[in-house]
Every structure is written in structure tokens, then in C-alpha cells.
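*Asks:* no sequence on this one, just coordinates:
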């Protein structure tokens, strides 16, 4: 290892190779690795962390790693809120931190932003602040300033990002990827500096390829995202459904027509967009409390007044056909923020749109459960039984039940992101349960809820987020995963890029 | 001031590494080049950002990490500017970052602490020599000799032997016509944030006890602090019923009552000292001073509530002066973007660090010198 460290120091400079215990500890964990946030998988320390400053250095590191068969785990902006950067097992591999690669450029003529992996969404916000471009960061209602440009997007983790306009999948129009061979691949718009912002050319249309691979196919060293002009008009629509299945079917229909943006199915007591979009967390909390027994679809519209009116009317018709009931105006008044959202959030850490519960230091949120199912029935079963578990345990603890804060947040993406990505609709859906709590003494209760959810996950057969670690399949369907493995063998036959993240560790 | 290991862990778990603490709110900073704020985080490594600092506390609390020079190096690269905690509470959670970071410094093994900061432990009670008698020349009198007085000046270490600065302050006190005293024969322990930076909370508590007792004994109602670090420490931890104000507030009040002729100086920019601004919430007084002496202020983007630390805080100026200058370079970069070539500040540590790192053709002015000049002070430290 000492020789490798010496080689790494030659590439990036001695100061930028860290092997001390503190650094290794820092990169051993993310928001999912400790109980406060879920403890979904163990903390695994890398052998070292390296901070490259250029694409050339990344290529050299890859070449060195390949030579020594050393696993590489990339981290983008450095705030790790989802899965992907933690070594597959203790004491293997090197973490690549892109802290030194934060360059961002806006090309107004082409309406794109080109960013390096260490850049923060906040910086993009600042750059386009006065350019009259819509920009809708993923998790925009959450205050994390580096949630979307960072490793999640750059390593392909951020599957939920960018419904229609944002820095997510649907807005990525080009990538520069350092392949396991050390060669560079420039996809879509990045093949030529003056290329239009088209993901399908002039470079190869492989922009979606690295997504879900979590750095398994190559390491993205630059990306281009499209901007959209600020719309003339925005509107939102919130529709309730008697069953989750009805909501999901209606959602598929809306998506096939390519209407609306930011559309999400939400199960009982669910909040996702409501909370992200509300102006204050209190608004979001109010909304969640009021929707404990309904299924909901939320969506927004943007464009010319004619387009907005047409799409909204068309969606109401489709949703009604599936049993949906549009919510009256007074009921959605608290969701005005959603329209601001659709207009293009340009602030991603403003307190007024930070729709998260915790508030004071003695409160927090625990990620209880999250994963995907291969059938809608399983998803529905899981959500239904999960809610009952939550309600039962809450009833057994009146202080928890009646406290204004503890609340189960439930989110189900139900396939739309998969559809949006090109038709992987046989992955029926994804569900995330999060419990917010206001007092640390509630932790055991939250722990009991979590334990029940873990049991349900096993019993019903959920593939957890961050798979690869437990030898189950990918977050996609088995057929897709088999195909991905074929590609993986072609581009990375040694399997040294992010083993144990999306692709299981070899035995 | 002390917290248990369990309490420390509980506080640390408030942080989920969301990253809010890294960036300045975009409304305030329309330029991506100046969008981050944490001095060590933006200058060094990710692990040195607030989340990394707090995460080390988690590792130490759970015995997953052991104290070593790397942890200490990271910990003492923090300037304790407090912006991470401020941003955290504005946005998402409320991670008490300052309490955690100060506690980490308290529990740092003594042998690993920077030697320069270890000196702080002894200094408050061992004032071997000082030149405070200079103030007597301007009518500032010894409290124990001068009968009843409501207001006193609180000199800190940086003032004790700075005769030129004492003369400026004496001159201004004289101009104010206010009856102000001080403890000259037996100075009050000149506490500032260095005791927190070094992790000597116990010594600070002892000093504060003495200060509180003597203020009570002499019936002091108002204390004018020269050093913003002294002000913030006294505001946070003193149990005295007396009112603590900054000398900048004193100047603002003085200028309001006794206007001066406008100074003829080029446009200036202003460095908000963290202990005056973020800790003591005084953003208006220095700006009022600048306005009343007739200066045109061109603000840096990261200013006021969003001001960036000059790099001197947390004892970094003593424990790692080179690093402090690297931090200051970030600040100068922003100052240059304003077009102003003069930086005014109201803190002796900001002054020293910015003065020691200023680009060619730029100037740093202490607010006391500025006000003294406005009132016609002709001493050595005049503004040219």
C-alpha cells in the first residue's frame, strides 16, 4: 500500500492523499450508516482518500487502481445523504473526493451549465440567479447545498432527480466519463464545445448509462445540465384517490401523455412534494397531519398560459377517470409554494423553503425504510401494513402519538421515475418511510417502528436502496440488472470501480 | 460550560451532514466564487468542514477514533467563527456546533494542544507589566481611587501594552466627556476567547468569577470592551448584571452626540469581526461609525450576517499563522472585488491578520484609529 500511496502522491501532490485515521473515518460513513439516520449498512473505512484536481489526474488514478486492482469509490460534493460512496467492505479501496474540482460555467447561449463533480447546487443557483432561467434542484426544499451536483448525480445515484427541469437525469445533456480503461468518453452535448444541449448528440446518447451504476462503469468528471426559460405561467394540481393502486394507474396514464412535471404519488400521511414545496415546515406538517388517510397525486404545470390550462384540464380528466378527486382550492392553499417550485427555485438553502421538521436540537428524523418492489401489489401491501404498524405503535405510546412532531412521512415514487428514464416500468415502485421525532426519549419507539419495518421488508421482499451490499439485486428489475452486469463485465472486467455499491462484491 | 460524553454525542447527532453550513445564502452572494464560507473547509479538505469537525466528535464520543495529531490539527484549524452554527439554525436543524467545538478543545489532551495556545491558560492571572497608566493622562481614572463610577473600560491582552492604542482610546474617552474608570493598579483578568480556543474553560470560569465579583463590589453598571473577543466571552458567560458594550458602540454614540468633520478617505470596505458580529450581533454600530466619519462603504458580498472570518479566530493566528494568512487571502480576494483599497475592522486580531496578509497597495485601518483621526488626534497611529 505504501508504494501505491507514493504513486498517488506523485499524481495529485502529497498534500492531497490522506491516510490518517480521521480522514478514513470521515469517509467511512454517510447519512445511512448510523442509527440517528437509519444504520442501514455498516461503516467501512477506505484505505485512503485522494483529492484529484483535474480529469487528467482522475484518469491517472484510475490507471493506477486498475494496475493494482484497487477499488475506487467516488464522492462528489461531499455531503453524503444517499448511498454509494462507502466502501463495500472494511479496509478496501480508495475514496476519490472531488473537493478540488468545483468549477462551474454557465453557457447562456446554449442554456447549459457545465459543472465538475465537487460543485454545489448552491453555486449553480448563484450563477443563474439573475439570468431568468428556471432551475429546480433536486430536493430543493431540503437545505443541503450539495445534494444534486455531488456524487449522487455524478455517480449515477440520483435517480429521483430532475423531474422535468432540474439538475437531474432529465436535464443532463452530456457527460465526460473516465472509463476503467483510463480513456475518456464524452456523451451527448459534451462531444463538442458548441454542441446544442441535446442529450442524444452529437456525442453518443449514453447519458443515462451511468445512472444506477453508482460509479460502476466509470467516473464522471464533468457534466452539462440544461436550463429552461422561466415559464410564463405555473399551476399545480392535487388529486386524492381512494386507493393507492388507482393513483398509480392514473399516474402512469399522465406520464404516458407526457403531461405535467414533478408528479409524484404519495401514500397515506405522505408529504414529499407538499413538504418540499410549502413555504414553512409548519405548512408541511399541517398538510401531512391532514392527509393521514388519503392517497394523493401532486403535480405542477409550467409553460405558456395555453399549455398550462390545456395540460391541467387534461390531467384532471385522466385522474378523474381513475377515481381521483381534485382537492378544492382552500385545501391546497398551503401548497402555494409548489407553484414557486415549478417556476424554478433558485434558492436551495433559504430557510423559507426548508421544509423539514426537526427545528431544534433535540429533534431529528430517522430513515426507517426504503427500497423497491417488483410488483405494485407488494408495494401497496407494504405501505398499508407499514402504516398500520406505525399507527399501532403510536397508539401504544400516547405521548408519542399526541406530540405535535412525531410523524411518519411516506413517499412512493411508484414507477414514474423509471418510466421517465426510458421504460423500466416493471420496477413497480419505491417507498421510503421516515419518522420525525421531537424528543430523544422517543428514539426507542422509533426503533420499534423501524424493527417492524425491517421485518416487513424481508417478508414482502423489498430490494433495499443501496443494494449490492446484501447480494440482492440492483434497485432495478432482474432483467435490467443482468444486462447491466453484461455491460459491467465489458467496461470493467476487473470490477474495481465501486464494487459492493451497485454491483455486488465478488466472492 | 462542560458537557458529558453522552451530551456531546447527543449534540453531534443533530448534524446529518446535509451541507447547509458550507454555503452562504445565495441572496447575499450573487457570485459563485464567494459562495462558501467555512475557512478550513474551503481552504483544506472536506473532513475539515463543519460536518467533518462534528463527525470527529462523534467518533471520539463513541471511541471509534483516538486522539492524535491529525485530529488536533483539524480541530485547531477551525477559527470558531460560528457561521456553521448560525447557518444550521437558519435553515434546517440546530446543531450547536460552537458548543461541540469548544468542548472538543476542552477535552483535547494537553500534550497535543498547540503550545502557543497553552500559554493562554496562565496569562489571565499573570499580568507582569502593562501600560494602562497611559489612560490616566486622559482623565480615565482608577476605580478604586476615583469614587463612584458607572462605566469602566475593559482592556484585554492586546491593549495592555499597546501604548499608542491606549492613547487613542484615552483621547476619545476624553472627547466624550464621559466619566469612565478602569482597574489600573490591579487590572481585571483580561479575558478573551483565547481561553476557549485553548480549551481552558475552567480557567475562564475562575476569571469570570473574579470579574463578576469586582464589578458587583464597585457597583459597575456598564463595561466598554475594546476587544470583541472579550465582549463575546463576557456576554456569553458572565453572570454579572452589568451591561457589556463594545467600544465601537461607544464610538457610534459619541459620534452621534458630537459630530465630526468628514474624513477625506477613498471608499472603504469593512470586515465584520466574528465576535462583534456573529457572537455579539453588532452589525449596525460599526457601519454607523463609518457613515458618521464620512466614509463611503462598499460592502463585500459576504458581509454582515454572512460575513466571512478573516482567519485569525479560534487561536489560529497564534497556533498556525501561515494557515491564518491563507484564510485571510480568501477575504482579501473578496475585498479586491469591491474595488475598495482600504479595509476597516474593529478587532485587534482581524487587524493583525489582515495587516499581515494584505496585498500590495491595500491598507487596513482599525476603527479606533479612524475615529481618533476624525476627532483630530495627532498621535502616531494616524490615518493617512
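*Replies:* Cool, got the structure. Keep in mind it's a predicted model, so treat the numbers as computed, not measured.
*Asks:* Would you map the strands across the stretch 151-300 of chain A?
*Replies:* Chain-ordered strands for the stretch 151-300 of chain A, with DSSP state E, counting those that start in this stretch as the definition, fall at A:172-178, A:184-186, A:219-226, A:228-229, A:233-241, A:261-266, A:295-303.
*Asks:* Tell me which other helices or strands the lengthiest helix in chain A touches.
*Replies:* Scanning chain A for the longest helix, with DSSP state H as the assignment, gives helix A:376-396. On a contact count with 3 or more C-beta pairs under 8 Å, 6 or more residues apart in numbering or on different chains; DSSP states H and E, helix A:376-396 meets helix A:244-256, strand A:364-373, helix A:398-402, strand A:407-412, strand A:429-437, helix A:443-460. All C-beta atoms are positioned from the backbone trio N, CA, C, and that covers glycine.
*Asks:* Now that helix: average pLDDT?
*Replies:* Averaged over helix A:376-396, pLDDT sits at 79.
*Asks:* before we move on, what about stretch A:241-259?
*Replies:* 79.
*Asks:* Can you give me the buried ones in that stretch?
*Replies:* By 16 or more other C-beta atoms under 10 Å in any protein chain shown, the buried positions in stretch A:241-259 come out as A:241, A:244-252, A:254-255, A:259.
*Asks:* Would you map the helices across the stretch 1-150 of chain B?
*Replies:* Under the criterion DSSP state H, counting those that start in this stretch, the stretch 1-150 of chain B contains helices at B:5-12, B:39-43, B:50-61, B:69-75, B:83-91, B:97-107, B:115-122.
*Asks:* now the ones you listed as CSV including mean pLDDT?
*Replies:* Shown next, in CSV, are the helices of the stretch 1-150 of chain B (pLDDT from 0 to 100):
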stretch, mean pLDDT
helix B:5-12, 80
helix B:39-43, 86
helix B:50-61, 86
helix B:69-75, 92
helix B:83-91, 78
helix B:97-107, 92
helix B:115-122, 85
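*Asks:* Determine the number of other residues adjacent to residue B:85.
*Replies:* 21 (other C-beta atoms under 10 Å in any protein chain shown).
*Asks:* quick one, domains of chain B?
*Replies:* B:5-113, B:124-252, B:259-374 (automatic domain parsing).
*Asks:* residue of the stretch 151-300 of chain B with the smallest distance to chain A?
*Replies:* Nearest residue of the stretch 151-300 of chain B to chain A, counting by C-beta to the nearest C-beta: residue B:300, 15.1 Å away.
*Asks:* Just give me the neighbour total for the nearest residue to that residue once chain neighbours are set aside.
*Replies:* What sits nearest to residue B:300 in space, not counting adjacent residues and going by C-beta to C-beta, 6 or more residues apart in numbering or on different chains, is residue B:334, at 4.6 Å. The tally of other residues near residue B:334 (other C-beta under 10 Å) stands at 19.
*Asks:* contacting residues for residue B:334?
*Replies:* By C-beta atoms under 8 Å, 6 or more residues apart in numbering or on different chains, the contact list for residue B:334 reads B:34, B:300-302, B:308.
*Asks:* what do you get if the cut-off is 10 Å, keeping everything else the same?
*Replies:* By C-beta atoms under 10 Å, 6 or more residues apart in numbering or on different chains, the residues touching residue B:334 are B:29, B:31, B:33-34, B:269, B:271, B:300-303, B:308.
*Asks:* And residue A:204, by the same measure?
*Replies:* Counting by C-beta under 10 Å, 6+ apart, residue A:204 makes contact with A:185-188, A:191.
*Asks:* The same query, at a cut-off of 8 Å, please.
*Replies:* Counting by C-beta under 8 Å, 6+ apart, the residues that residue A:204 touches are A:185, A:187-188, A:191.
*Asks:* go on, residue B:110?
*Replies:* Residue B:110 touches residue B:118, counting by C-beta under 8 Å, 6+ apart.
*Asks:* Can you check the pLDDT for it?
*Replies:* For residue B:110, the predicted pLDDT is 93.
*Asks:* try residue A:25
*Replies:* Predicted confidence (pLDDT) for residue A:25: 90.
*Asks:* Tell me the spacing between the residue in the stretch 101-250 of chain B that chain A sits nearest to and residue A:490.
*Replies:* Residue nearest to chain A within the stretch 101-250 of chain B: residue B:104 (12.2 Å; C-beta to the nearest C-beta). To residue A:490, residue B:104 is 49 Å away according to C-beta to C-beta, to the nearest Å.
*Asks:* Comparing the two, which shows the higher neighbour count?
*Replies:* Taking neighbours as other C-beta under 10 Å, residue B:104 and residue A:490 compare with residue B:104 leading, 25 against 10.
*Asks:* Just confirm the more buried one contacts residue B:57, I think it does.
*Replies:* Yes - counting by C-beta atoms under 8 Å, residue B:57 is a contact partner of residue B:104 at 5.5 Å.
*Asks:* Tell me which stretches of the stretch 1-150 of chain A form helices.
*Replies:* Under DSSP H, counting those that start in this stretch, the stretch 1-150 of chain A gives helices at A:2-12, A:21-26, A:55-68, A:121-127.
*Asks:* whoops, the stretch 251-384 of chain B was the one
*Replies:* Counting by DSSP H, counting those that start in this stretch, the helices of the stretch 251-384 of chain B are B:284-292, B:316-319, B:321-338, B:348-355, B:367-374.
*Asks:* now those in JSON lines, with mean pLDDT and distance to residue B:203?
*Replies:* As requested, the helices of the stretch 251-384 of chain B are exported to JSON lines (pLDDT from 0 to 100; distance: least, C-beta to C-beta, whole Å):
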{"stretch": "helix B:284-292", "mean pLDDT": "97", "distance to residue B:203": "30"}
{"stretch": "helix B:316-319", "mean pLDDT": "95", "distance to residue B:203": "16"}
{"stretch": "helix B:321-338", "mean pLDDT": "94", "distance to residue B:203": "23"}
{"stretch": "helix B:348-355", "mean pLDDT": "96", "distance to residue B:203": "19"}
{"stretch": "helix B:367-374", "mean pLDDT": "95", "distance to residue B:203": "28"}
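*Asks:* Select, out of those, the one closest to residue B:361.
*Replies:* The closest of the helices of the stretch 251-384 of chain B to residue B:361 is helix B:321-338. By C-beta to C-beta, the value is 9.9 Å.
*Asks:* Would you mark the buried spots in that closest one?
*Replies:* B:321, B:323-328, B:330-332, B:334-335, B:338.
*Asks:* circling back to that earlier point, possible to save the helices of the stretch 1-150 of chain B as a markdown table with distance to residue A:204?
*Replies:* Output for these, formatted as a markdown table (distance: least, C-beta to C-beta, whole Å):
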| stretch | distance to residue A:204 |
| --- | --- |
| helix B:5-12 | 46 |
| helix B:39-43 | 36 |
| helix B:50-61 | 37 |
| helix B:69-75 | 43 |
| helix B:83-91 | 40 |
| helix B:97-107 | 46 |
| helix B:115-122 | 57 |
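*Asks:* residues contacting the nearest residue to residue B:14 once chain neighbours are set aside?
*Replies:* Leaving aside its chain neighbours, residue B:14 sits nearest to residue B:95 (4.1 Å; criterion: C-beta to C-beta, 6+ apart). By C-beta under 8 Å, 6+ apart, residue B:95 lies in contact with A:361, B:11-12, B:14-15, B:21, B:54, B:84-85, B:88.
*Asks:* same question, residue B:6
*Replies:* By C-beta under 8 Å, 6+ apart, the neighbours of residue B:6 are residue B:61.
*Asks:* And residue A:445, how far from residue A:395?
*Replies:* In this view, residue A:445 and residue A:395 are 11 Å apart by C-beta to C-beta.
*Asks:* Would you map out the domains in chain A?
*Replies:* A:2-97, A:104-229, A:233-353, A:364-464.
*Asks:* sorry, back to before: local confidence estimate at the residue nearest to residue B:14?
*Replies:* According to the model, residue B:95 scores 78 on pLDDT.
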